[in-house]
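>>> got a predicted model here, sequence first, then my questions.
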Amino acid sequence: MDLRNIQRIELPATADMHVHLRQGDMMELVAPTLTAGGVDTAFVMPNLVPPVTTVEMALEYKQKLLAVNPRVNYLMSLFLHQTVTPDVIDQAAAAGITGVKLYPQGATTNSDNGVADLTAFYDTFAAMERADMVLNLHGEALEALAPAGLTLEEAFLPTLTSLHARFPKLRIILEHCTTAAAVEAVKACGPNVGATITAHHLYLTEADACCDPFAFCKPIPKKPLDRDALLQAAMSGNPKFFFGSDSAPHPIQNKTAAAEGKAPAGVFTQPFVTQLVVRALQEGLERGVLRDADVTQERLENFLSHNGRAFYKLPPATARRIVLEKKETIPTSVSSATVEVGNSRHGDEVFALRWL
């Protein structure tokens with residue numbers, strides 16, 4: 001596959017294993033963009049206001065999403081909270097809820113009700129292990145607890161290692177990896193530990209995020225060497241690594257009106273997620289970070305579609321396919337009558353996408 005010069009790519013539908021779809025008018029705007037970006041399966045984040053902490057809330061949220069865009073298989077999650085007890089885990093597993101998201105308290109958007117003490121949830125993790133539910137980790141330590149010289153993600157990695165050692169049969173995902181150290185830590189764990197990699201962390205660095213509100217997110221993009229390590233992991237063929245966009249919409253006025261570094265954290269990629277991954281890989285090839293032999297049809301399909309489904313024990317994507325061809329320019333934003341969201345890399349040219 002000569003990705004730098006290719007004119008047409010046919011792929012199975014993308015599985016986005018980490019996406020923020022919000023609620024209300026914002027949900028009604030962004031849920032349809034899943035399909036626009038080639039996605040037919042989405043693991044939905046629970047950090048709403050209030051957070052999704054009960055089975056009833058998760059199922060109600062799923063019905064709202066289906067009413068807006070019924071073409072997507074929504075995998076629902078609970079927000080880890082003191083009320084998410086082993087009994088709730090048993091109920092959630094019986095109801096088909098897929099995972100539980102752990103946010104360190106105050107680490108990112110709508111995480112004020114997150115976890116301050118992991119040991120308080122050991123019984124819940126044991127119940128998840130028995131029920132074969134997935135634990136999704138926002139992998140950042142609190143800034144006050146991070147040793148000097150380490151990123152917040154690097155400071156969190158011993159927590160990943162210790163959780164895996166204590167609960168070796170628990171399926172754990174380190175979400176939105178941003179560092180070479182995180183890639184190595186995931187590889188060093190057993191097969192029950194995987195990781196998602198976003199589109200935007202494949203092309204952004206800290207230099208972008210510090211100056212462009214539409215590139216500011218948490219976890220913050222890191223150094224060029226970290227970005228390149230993520231590209232290499234995505235195209236390594238290792239089934240531990242798969243796609244999760246962490247596409248996170250905010251009203252465009254909140255992004256553009258914020259003073260110096262105060263923009264809300266989140267990069268919105270959803271309408272073009274598949275194309276943005278391909279564009280990032282092309283840029284990696286142009287820089288020499290990737291070789292042509294690294295970027296094969298099989299590895300691209302595995303990263304975007306097959307590896308994530310396999311980790312979540314879903315059937316493979318067989319029926320629905322997408323085609324990338326021709327070119328289009330990413331518009332400034334997507335909008336409805338009530339809300340507007342700015343697109344990442346607006347003004348850039350990417351493949352156009354259509355469904356077969």
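Received, thanks.
>>> can you pull out the helices in the protein?
Taking DSSP state H as the criterion, the chain contains helices spanning 24-30, 33-36, 55-68, 86-94, 122-131, 152-166, 180-188, 206-209, 224-234, 252-256, 273-287, 297-301, 307-311.
>>> any idea which of these gets closest to residue 44?
helix 55-68 (7.0 Å; CB to CB). All C-beta spots, glycine's among them, are computed from the backbone N, C-alpha and C.
>>> what's the spacing between the closest one and its chain's center?
20 Å (CA atoms, centre = their mean, to the nearest Å).
>>> which strands or helices does the worst-scoring helix or strand of the chain on mean pLDDT pack on?
When each helix and strand of the chain is scored by mean pLDDT, DSSP states H and E, helix 252-256 comes last, with a mean of 91. Helix 252-256 sits against strand 340-342, with contacts defined as 3 or more CB pairs under 8 Å, 6 or more residues apart in numbering; DSSP states H and E.
>>> contact partners of the strand it packs on?
Counting contacts by CB atoms under 8 Å, 6 or more residues apart in numbering, the residues outside strand 340-342 that touch it are 26, 29-30, 214, 249-253, 255-256, 268, 332-335.
>>> residue 56: which of those is nearest?
residue 26 (21.8 Å).
>>> what's the nearest residue to that closest one if we skip its chain neighbours?
Closest residue in space to residue 26, ignoring its immediate chain neighbours: residue 339 at 5.5 Å, by CB to CB, 6 or more residues apart in numbering.
>>> doesn't residue 29 make contact with the one you found?
Yes. Using CB atoms under 8 Å, residue 339 is in contact with residue 29, at 5.4 Å.
>>> does residue 59 touch residue 76 like I think?
Yes. Counting by CB under 8 Å, residue 76 is a contact partner of residue 59 at 7.2 Å.
>>> list the residues that contact residue 20.
Counted by CB under 8 Å, 6+ apart, residue 20 has contacts 44, 45, 47, 109, 246, 247, 248, 249, 266.
>>> also residue 303?
197, 234, 235, 241, 242, 243, 277.
>>> repeat that with 6 Å
Neighbouring residues of residue 303 by CB atoms under 6 Å, 6 or more residues apart in numbering: 234, 243.
>>> picking that back up, how about the least confident helix or strand of the chain: buried residues?
For helix 252-256, a neighbour-count test (16 or more other CB atoms under 10 Å) marks 252, 255 as buried.
>>> what sits up against stretch 266-283?
So stretch 266-283 is in contact with 3-4, 14, 33, 36-38, 199-200, 202-203, 217, 245, 247-250, 295, 330, 334, 341, 344, 350-351, going by CB under 6 Å, 6+ apart.
>>> now the strand ranked longest in the chain and helix 273-287, what's the angle there?
The longest strand of the chain (DSSP state E) is strand 321-329. For strand 321-329 against helix 273-287, the angle by axes from the mean of the first three to the mean of the last three CA atoms, to 10 degrees is 70 degrees.
>>> show me the contacts of stretch 266-283 that map onto strands.
Short answer: the contacts of stretch 266-283 in strands (DSSP E) are 14, 334, 341, 350, 351.
>>> and for the third one, the neighbour number?
Applying other CB atoms under 10 Å, we find 26 residues neighbouring residue 341.
>>> what separation do you get for it and residue 13?
23 Å (CB to CB, to the nearest Å).
>>> distance to residue 175 and pLDDT for the ones in strands among the contacts of stretch 266-283 - can I get that in JSON lines?
As requested, the ones in strands among the contacts of stretch 266-283 are exported to JSON lines (distance: CB to CB, whole Å; pLDDT from 0 to 100):
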{"residue": "14", "distance to residue 175": "17", "pLDDT": "98"}
{"residue": "334", "distance to residue 175": "24", "pLDDT": "98"}
{"residue": "341", "distance to residue 175": "21", "pLDDT": "98"}
{"residue": "350", "distance to residue 175": "24", "pLDDT": "98"}
{"residue": "351", "distance to residue 175": "26", "pLDDT": "98"}
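>>> sweet, I'm off.
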